[in-house]
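Undergrad: Sequence and computational prediction follow.
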Amino acid sequence: MASESYLIVGAGVFGVSTAYELIRKYPSASVTIVDRDAWDAESRVAASWDWNKVVRADYDDIIYCKLALEAQDIFRDDPLYQPYFHQTGIYWICRSDYAGEVIDNYKKLGRKAELSAVPVSEARKLYGGLFEDADYSGVKDVLVNKTSGWANAGDALRAVTKKSIELGVKYIVADIESLQFGKNGACTGIKTAKGHVYLASKVILCTGAFTPKLLEQAAKASGKPAISAGERIVAAGITTGMTTLDEESHKRFAEMPVGVQGYTAAAGPFIGSLPPTRDRELKWWGQKIFRNTQNILGRMISAPPPEPDYAQWKVPNPLKQDIDYANHVFYGKNGASWKMEKHRICWDAFTTSSDFIISPHSGAEGLYIATCGSFHGYKFFPVLGKYVTQMLEGQLEPELREKWSWDRERPGPENNPDWPRYEMRDLLDVKARL
Ligand SMILES: Cc1cc2nc3c(=O)[nH]c(=O)nc-3n(C[C@H](O)[C@H](O)[C@H](O)COP(=O)(O)OP(=O)(O)OC[C@H]3O[C@@H](n4cnc5c(N)ncnc54)[C@H](O)[C@@H]3O)c2cc1C
């Protein structure tokens, strides 16, 4: 493997974690990351580039619970990740048996942690009553896990990218338009929008929400319909918003846990509230998850808006209201006077089961897919590269190979609360729609 050359498109957590793993395992291999944004740019389109992300192992799916524990141990102990992890705990308002299932998973995995299912009347009083005025309608109990927390997402991403470059990874800023194929049909490289070609023995797409569009472009340019993602991957957007707390509120909220409002699939996605950053900014993500379906070379596909920055800072009012709603269901009267600022639309790649795709692409040898964070991928940053490398080497254990496969049977999206149920065009300002 040391003589292999690896081209990784996309410098989010999937791509960077893979590059970091490969360069440590094979210091003399050629490992190159290509991304449309510089790794230290002021603003990036990557979902992984963010002020903060929840880092938790509170999963009802035992496989992700186990992987998240593995990742969290690294966040907690590895000097590269440790400065960015904050073990604030999590306060998860549950409308199903979620708390019990998570506690069971910890038990099955033999993992001891301070976590419990707390009755609502007791939970309201925790953390100085920060969540006293939250919406508890239909709530069964509250999962309190003192070992969960959050990470300074963009800072950690920058640190691991910088370290990878120091170890020998090349980083190229370029917009990739298509893929290159050899005479035998194998993928041999990538082509930029400016026409430059880069070749490698393995091409790994870690392109997040842009993946279906890129594959469609490559399928059309090469005349190989099998390259297209088909129904496997859907690009979806969600809004985040922040408020800067005044000193008084900051004193009260500085030590808060991550807050989650959990809903059932019938009601909608779970909503989150993250503790204040060093700039005293408290963040939410909203409940409206949407596609942006457009005609890409004759096929209707969801993709981020075509602007180079995905128009991520142009947030229409109906989506800003989604953040007001999120504030209301967490803090009620306590947050009623907060001014909402810094809205962003963040794009990620989804599968119907919310499973990642970490797999060879069956349409061409030499082509691999490692993405589809499905709105929960960040927390696995420290371990993703290990599993992508196992996949590249045919070493993934069968359970994971099956779960993350390019070609597998997928459930319908009905039971997935996070599946995008809106179209972006229906959520624009009325004026903008005319
Ligand atoms: C609002 C929001 C909140 C979230 N909260 C959490 C959370 O709290 N905890 C958690 O664990 N997960 C969370 N997630 C999910 C997590 O952020 C994503 O699953 C994960 O970051 C996806 O990583 P990625 O590497 O696949 O994609 P990305 O981070 O999006 O990276 C893809 C990269 O590919 C590059 N790229 C794409 N196409 C091209 C091209 N053609 N040419 C060149 N470069 C290209 C992009 O520039 C980008 O840098 C959240 C997601 C969103 C949207």
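TA: Cool, got the structure.

Undergrad: residue ranges of the helices in the stretch 201-350 of the chain, please?
TA: For the stretch 201-350 of the chain, applying DSSP state H, counting those that start in this stretch gives helices covering 211-222, 247-253, 317-331.

Undergrad: List the residues that contact the closest residue to residue 367 other than its chain neighbours.
TA: In this structure, residue 367 finds its nearest non-sequential neighbour in residue 187, 3.7 Å apart by Cβ to Cβ, 6 or more residues apart in numbering. Heads up, the C-betas are built off the backbone N, CA and C, glycines and all. Contacts for residue 187 were tallied using Cβ atoms under 8 Å, 6 or more residues apart in numbering; they are 179, 180, 181, 203, 361, 364, 365, 366, 367.

Undergrad: And for residue 14?
TA: Neighbour list for residue 14: 206, 208, 356, 370, 371, 373, 377, 384, 388 [criterion: Cβ under 8 Å, 6+ apart].

Undergrad: Which secondary structure elements does the helix or strand hosting residue 179 sit against?
TA: Using DSSP states H and E, residue 179 sits within strand 176-181. Where contact means 3 or more Cβ pairs under 8 Å, 6 or more residues apart in numbering; DSSP states H and E, strand 176-181 is packed against strand 187-192, helix 211-222.

Undergrad: closest one to the ligand among those?
TA: For the helices and strands packed on strand 176-181, the distance to the ligand is smallest for helix 211-222, at 4.9 Å, taking Cβ to the nearest ligand atom.

Undergrad: packing partners for the closest one?
TA: Under the contact criterion of 3+ Cβ pairs under 8 Å, 6+ apart, helix 211-222 touches strand 176-181, strand 202-205, strand 234-244, strand 293-296, strand 299-302.

Undergrad: Farthest-apart pair in the contacts of residue 187, please.
TA: Spatially, the most separated pair among these is 180 and 361, at 13.9 Å (Cβ to Cβ).

Undergrad: Let me see the contact set for whichever residue of the chain sits closest to the ligand.
TA: Closest to the ligand within the chain is residue 373: 1.7 Å, counting by Cβ to the nearest ligand atom. Contacts for residue 373 (Cβ under 8 Å, 6+ apart) come out as 12, 13, 14, 47, 48, 208, 348, 349, 356.

Undergrad: What does the first one show for phi and psi?
TA: Geometry field for residue 12 lists phi and psi as phi -90, psi -160, criterion degrees, to the nearest 10.

Undergrad: among the helices and strands packed on helix 211-222, which is the most enclosed?
TA: With neighbours taken as mean count of other Cβ atoms under 10 Å, these reach their highest mean count in strand 202-205, at a mean of 26.

Undergrad: and this protein, which residues reach the ligand?
TA: Proximity of the chain to the ligand is confined to 9-15, 34-37, 44-48, 53-54, 175-176, 206-210, 214, 238, 240, 285, 346, 348, 371, 373, 375-379 under the rule Cβ under 6 Å from any ligand atom.

Undergrad: Buried subset of those, written for ChimeraX?
TA: In ChimeraX syntax, the buried subset of these is picked out as below (16 or more other Cβ atoms under 10 Å):
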select :9,10,11,12,13,14,15,34,35,36,37,44,45,46,47,48,53,54,176,206,207,208,209,210,214,238,240,285,346,348,371,373,375,376,377,378,379
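
Undergrad: Which of the residues of the chain next to the ligand fall within strands?
TA: The strands, defined by DSSP state E, take in 9, 34, 35, 53, 54, 176, 238, 240, 285, 346, 348, 371 from the residues of the chain next to the ligand.

Undergrad: Would you point out the most distant pair within the residues you listed?
TA: For those, and using Cβ to Cβ, no pair is farther apart than 54 and 176, which are 29.7 Å apart.

Undergrad: sorry, back to before: ok, so of the contacts of residue 14, who is nearest residue 415?
TA: When the contacts of residue 14 are ranked by distance to residue 415 (Cβ to Cβ), residue 356 comes first, at 18.2 Å.

Undergrad: Give me the pLDDT value at the closest one.
TA: Residue 356 is assigned 98 on the pLDDT scale.

Undergrad: so what's it up against?
TA: Applying Cβ under 8 Å, 6+ apart to residue 356 gives the contacts 14, 370, 371, 372, 373, 374, 377, 404.
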